[in-house]
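Participant: Below is the structure, and that's it, no one-letter string:
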């Protein structure tokens with residue numbers, strides 16, 4: 001879309017489905033990622049034509065889920081900067097910055113910096129957070145995070161505007177010079193907001209994997225919310241998928257938590273159906289798969305991406 005940075009045009013192509021990857025793609029519970037391996041994966045994904053490299057914002061190592069596992073992730077902006085340094089084309093996306101726990105001017109400065117040093121490759125995904133322990137540790141209000149998200153969003157949006165700010169003597173200073181093009185701001189998950197608010201304020205919406213009929217309904221609601229705002233306007237819908245790609249290309253697809261265990265033939269058919277439903281971008285999380293990430297990337301790059 002006109003006015004946006006490089007990343008937006010590369011990842012959100014009308015009528016097409018692009019594929020991204022959650023990073024890091026390897027590592028055990030509680031262990032920090034091997035940066036050299038992650039950069040190797042990033043270079044490979046860039047060369048194979050994947051659309052984006054994503055990372056999460058996990059402020060504290062809090063045990064989660066039935067397995068009570070902890071996750072140790074580096075700061076998302078620093079992490080993506082390290083991946084930007086070894087790639088040329090692929091977009092860099094946050095999925096998602098926990099906006100109520102961060103000062104919005106710090107978020108804006110980090111976003112402007114990363115977009116500049118990556119030559120316009122940032123997609124800024126923002127969420128409201130959902131871990132009570134994090135809000136308590138940061139001294140933030142869990143019950144007021146919906147309002148904090150909106151307030152912080154507005155501050156970030158204003159700081160990221162490409163047009164120079166009007167002259168003012170009210171002490172409002174920019175964190176950096178304005179960017180050359182608009183940095184996309186994506187709402188990730190519900191963000192404790194209505195779909196109408198997201199349709200009005202966000203440049204796209206990222207949600208989770210669901211059974212296909214349920215996802216079809218979710219996309220229909222998203223399109224309806226946009227039509228209430230501007231009939232015919234279609235902002236991108238992004239979906240995450242936990243993927244366990246099996247060695248047998250003919251293996252049928254079966255559901256796993258928030259994703260699929262499947263061979264590549266069934267995966268290709270699934271992605272084509274998602275494209276036809278209106279999904280613009282799917283990001284795969286390979287972390288739970290049994291195969292080495294590089295093997296999966298090669299297979300997806302050679303056998304799946306050309307079909308999309």
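Facilitator: In hand now; what should we look at? Since the structure is predicted, the reported quantities are computational estimates derived from the model, not experimental observations.

Participant: Name the residues that touch stretch 106-114?
Facilitator: For stretch 106-114, contacts defined as C-beta atoms under 8 Å, 6 or more residues apart in numbering pick out 77, 80-81, 84, 92, 97, 99, 122, 124, 126, 152, 155-156, 159-160, 175-176, 179, 183. Heads up, the C-betas are built off the backbone N, CA and C, glycines and all.

Participant: Quick one: the helices in the chain, in order.
Facilitator: Shown for the chain, the helices assigned by DSSP state H span residues 6-11, 35-48, 76-84, 104-117, 132-138, 145-160, 195-201, 212-229, 264-277, 293-299.

Participant: Determine the longest strand present in the chain.
Facilitator: strand 237-245 (DSSP state E).

Participant: what sits up against it?
Facilitator: Counting contacts by C-beta under 8 Å, 6+ apart, the residues outside strand 237-245 that touch it are 22, 95, 186, 204-209, 215, 219, 222, 256-264, 267, 274, 278-291, 296, 299-300.

Participant: One more: stretch 73-88?
Facilitator: Stretch 73-88 has contacts (C-beta under 8 Å, 6+ apart) with 23-24, 32-33, 35, 38-39, 42-43, 45-46, 53, 55-58, 92-94, 97, 110-111, 113-114, 117-118, 121-122.

Participant: Go again with 7 Å.
Facilitator: Outside stretch 73-88, the residues within contact range by C-beta atoms under 7 Å, 6 or more residues apart in numbering are 23, 33, 35, 38-39, 42-43, 46, 53, 55-58, 92, 94, 97, 110, 114, 117-118, 121.

Participant: got any ranges where this structure has weak pLDDT?
Facilitator: The chain contains residues with pLDDT under 70 at 1-2, 66-67, 164-171.

Participant: Which of the contacts of stretch 73-88 are buried, as a PyMOL select command?
Facilitator: Here is the PyMOL selection string for the buried members of those, based on 16 or more other C-beta atoms under 10 Å:
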select buried, resi 23+33+38+39+42+46+53+55+56+57+58+92+94+97+110+114+118+121
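
Participant: Distance check, residue 42 against residue 103.
Facilitator: Distance of residue 42 to residue 103, computed by C-beta to C-beta, to the nearest Å: 28 Å.

Participant: Spit out the contact partners of the spatially most central residue of the chain.
Facilitator: By C-alpha atoms, centre = their mean, the chain has its centre lying nearest to residue 95, at 3.6 Å. Counting by C-beta under 7 Å, 6+ apart, residue 95 touches 54-56, 125, 188, 206, 283.

Participant: now it: how far from residue 238?
Facilitator: Distance of residue 95 to residue 238, given as C-beta to C-beta: 8 Å.

Participant: circling back: between the helices of the chain, which gets nearest to residue 308?
Facilitator: helix 264-277 (6.2 Å; C-beta to C-beta).

Participant: Show me what that closest one is in contact with.
Facilitator: The contact list for helix 264-277, computed with C-beta under 7 Å, 6+ apart, reads 16-17, 212, 215-216, 219, 239, 245, 249-250, 252-253, 260, 282, 299, 303-304, 307-308.

Participant: Filter the residues you listed down to the buried ones and hand me the ChimeraX line.
Facilitator: Selection of the buried residues among the contacts of helix 264-277 in ChimeraX, burial being defined by 16+ other C-beta under 10 Å:
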select :17,215,216,219,239,245,253,260,282,299,304,308
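
Participant: Quick one: neighbours of the closest residue in space to residue 292 that isn't next to it in sequence, just the number.
Facilitator: Closest residue in space to residue 292, ignoring its immediate chain neighbours: residue 26 at 7.8 Å, by C-beta to C-beta, 6 or more residues apart in numbering. Neighbours of residue 26 under the rule other C-beta atoms under 10 Å: 17.

Participant: Repeat that for residue 148.
Facilitator: 20.

Participant: Could you pull up the residues touching it?
Facilitator: Here residue 148 is in contact with 100, 140 (criterion: C-beta under 7 Å, 6+ apart).

Participant: any idea how far it lies from residue 234?
Facilitator: Residue 148 sits 29 Å away from residue 234, taking C-beta to C-beta as the criterion.

Participant: Which members of the contacts of strand 237-245 are classed as buried?
Facilitator: When the contacts of strand 237-245 are checked for burial by 16+ other C-beta under 10 Å, the buried set is 22, 95, 186, 204-207, 209, 215, 219, 222, 256, 259-264, 267, 274, 278-287, 289, 296, 299-300.

Participant: Restricted to strands, list those.
Facilitator: Those of these lying in strands (DSSP E): 22, 186, 205-207, 256, 259-262, 279-285.
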